[in-house]
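Asker: Provided below for reference: sequence and predicted model.
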Amino acid sequence: MSWRVGDGNHIRIWEDAWIPAGVTRRPRTPRGNIVISKVSELIDPIRGTWDSELINDLFWEEDVSNILSIPVHMDREDSVAWHFNKKGVFSVKSAYHVLEDEAETKLVRQKGETSRHSLNSGQKMWNKLWGVPVPPKIKQCVWRVAHNSLAHKMNIKSKKISLDTRCPVCFRYDEDGAHCFFKCKEVRKVWRELGLENIRLKLANLLSAMEVVAEILRQREDMCIVVFVLIWKWWSVRNKVNVGELMPSAQTTVSAIRDMVQDILKEGSRINHHQSLEVQQGWLPPAEGILKINIDGSFMPGTSKGAWGFVIRSHDGAIVIAGAGSLGPVHDALMAEMMACKFAVEAAIQLGIAHGVIETDSSQLREGLTSSEFDLSVAGGLFQDIRASLHEDFLSLNVTKIHRSCNSLAHELAAMGQSWDPGQYHHWIDPLPDFVIRLNTHDLAEYELINIKF
Ligand SMILES: [Zn+2]
């Protein structure tokens, strides 16, 4: 069992499981001579937020960002929750997985590395791989990486076909799997740009493709998704270059990876089945007298960096206010969505908006705003607060889940926030900057286009 932080009075820093990361959920930092023992002592009682200076002094860097990503609720008692599934609710299945992981870890500690390769560990690994919530084409690609069965130049050569075995991307070294995905100078730019240099180094040093994929599967699920998408995307880039197409810039590849990861984190594996059926439309204006609030959060596993964007528009498509910002470390994609919602709602309240519609492309956020479904998750307290505010501060407010193609302005604003320093944000009312006007015109043009079609 692990803890949800409220006022921090009941949680012992060094003994209790309260940090949403790692196997033990306890600080990695050794206690040493530190006298501070309760989580409440890490909270600034006046501001009701983490005392980040103190935390930076006491803990190792990896603990610091994990701790700062936990929301504090001074008005609430600490509560016990089950950590390992997303909703924070105990399930037999998640218990089984945790027990299995702990048992494995113990075994490894007792017997050394070799016990990891127990008889059925192979089967477990494949089950895990096929269970990662990404489209099947991506899993198939990673499966082939694990079996080293992609058509790398060195693999073709080993079948005794004579050819130039140099990497088609850099032309400097022979192309094998490790070079293609981890060592080539071009792919290294992509890993670096995504903030994944640490894991790249770790993977690059493993001795077999099988170990590489096993190591990826040992990561947190969202990290696993990014690495899977990176591998799949890079293989398609490499194939295009191999047949003579121009090499896209690292930035282009990275933003394609980011967009795909965002979609997957929001939709999970549902993306496979419904995307093709869903009608792609642009933004649709609300009825007169109602303002439409489009929000979007952005989250990059690896750096854990979150960002947000929102735009509030009237029935004629005019922008009332738009905003974007960068968050410090956040726990997951849902938390970033949640923060986007919080900032948008605060802006709407300040403007005295009485009737509104919130549009989000995250089905989890919609669930969290309209039910108690996610109340025990890491962002649970925030959900409770924001639902209370929606009831109290608006005469009417609906929450609608829309397709990402209807949310492009908020999406662009959140993407922009990703490149800013943590905590930096902007609100735009009048005059609106050119790029906001341009993006809005684009949104509205798509709306008119759809009207003409009908
Ligand atoms: Zn290369």
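Answerer: Perfect, thanks for sending it. Keep in mind that what you see is a predicted model, and the values were worked out from it rather than measured.

Asker: In the stretch 101-250 of the chain, where is pLDDT below threshold?
Answerer: 101-122, 149, 152-164 (pLDDT under 70).

Asker: Contact residues of it facing the ion?
Answerer: Cys167, Val169, Cys170, Cys184 (Cβ under 5 Å from the ion). To be clear about C-beta, it is placed using only N, CA and C from the backbone, and glycine gets the same treatment.

Asker: Just give me the closest of these to Leu203.
Answerer: Nearest to Leu203 among those: Cys184, at 13.3 Å, using Cβ to Cβ.

Asker: got the contact list for the closest one?
Answerer: Cys167, Val169, Cys170, Tyr173, Glu175 (Cβ atoms under 8 Å, 6 or more residues apart in numbering).

Asker: Now, of those residues, which are buried?
Answerer: Neighbour-count burial (16 or more other Cβ atoms under 10 Å) applied to the contacts of Cys184 gives Cys167, Val169, Cys170, Glu175.

Asker: Could you export the contacts of Cys184 as CSV, including distance to Met335?
Answerer: Below are the contacts of Cys184 laid out as CSV (distance: Cβ to Cβ, whole Å):
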residue, distance to Met335
Cys167, 39
Val169, 36
Cys170, 38
Tyr173, 41
Glu175, 40
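
Asker: from these, which two are the most distant?
Answerer: Val169 and Tyr173 (10.0 Å).

Asker: Tell me which strands the helix or strand encompassing Glu359 pairs with, and in which orientation.
Answerer: Here Glu359 sits within strand 355-360, counting by DSSP states H and E. The pairing partners recorded for strand 355-360 under DSSP bridges are strand 291-300 (parallel), strand 396-401 (parallel).

Asker: Tell me the buried residues in the following helix or strand past that strand?
Answerer: Heading C-terminal from strand 355-360, the first helix or strand you meet, by DSSP H and E, is helix 363-370. Buried residues in helix 363-370, counted by 16+ other Cβ under 10 Å: Gln364, Leu365, Arg366, Glu367, Gly368, Leu369.

Asker: Those: which ones sit near the ion?
Answerer: Counting by Cβ under 5 Å from the ion, no member of the buried residues of helix 363-370 is near the ion.

Asker: pLDDT added to these, as JSON lines?
Answerer: Below are these laid out as JSON lines (pLDDT from 0 to 100):
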{"residue": "Gln364", "pLDDT": "87"}
{"residue": "Leu365", "pLDDT": "90"}
{"residue": "Arg366", "pLDDT": "90"}
{"residue": "Glu367", "pLDDT": "89"}
{"residue": "Gly368", "pLDDT": "90"}
{"residue": "Leu369", "pLDDT": "90"}
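
Asker: returning to what we had before: most tightly packed of the strands paired with strand 355-360?
Answerer: Highest mean neighbour count of the strands paired with strand 355-360: strand 291-300, a mean of 27 (counted as mean count of other Cβ atoms under 10 Å).

Asker: Compute the inter-axis angle for that strand and helix 363-370.
Answerer: 130 degrees (axes from the mean of the first three to the mean of the last three Cα atoms, to 10 degrees).

Asker: Do me a favour and average the pLDDT over strand 291-300.
Answerer: Strand 291-300 carries an average pLDDT of 93.

Asker: following that strand, which helix or strand shows up next?
Answerer: Counting by DSSP H and E, what follows strand 291-300 is strand 305-313.

Asker: Closest to Lys266 out of the contacts of Cys184?
Answerer: Val169 (31.1 Å).

Asker: ok, for the closest one, nearest residue in space, not its chain neighbours?
Answerer: Glu186 (4.9 Å; Cβ to Cβ, 6 or more residues apart in numbering).

Asker: what's around that neighbour, how many residues?
Answerer: 19 (other Cβ atoms under 10 Å).

Asker: what do you get for the one 5 residues further on?
Answerer: The number of residues packed around Trp191, counting by other Cβ under 10 Å, is 24.
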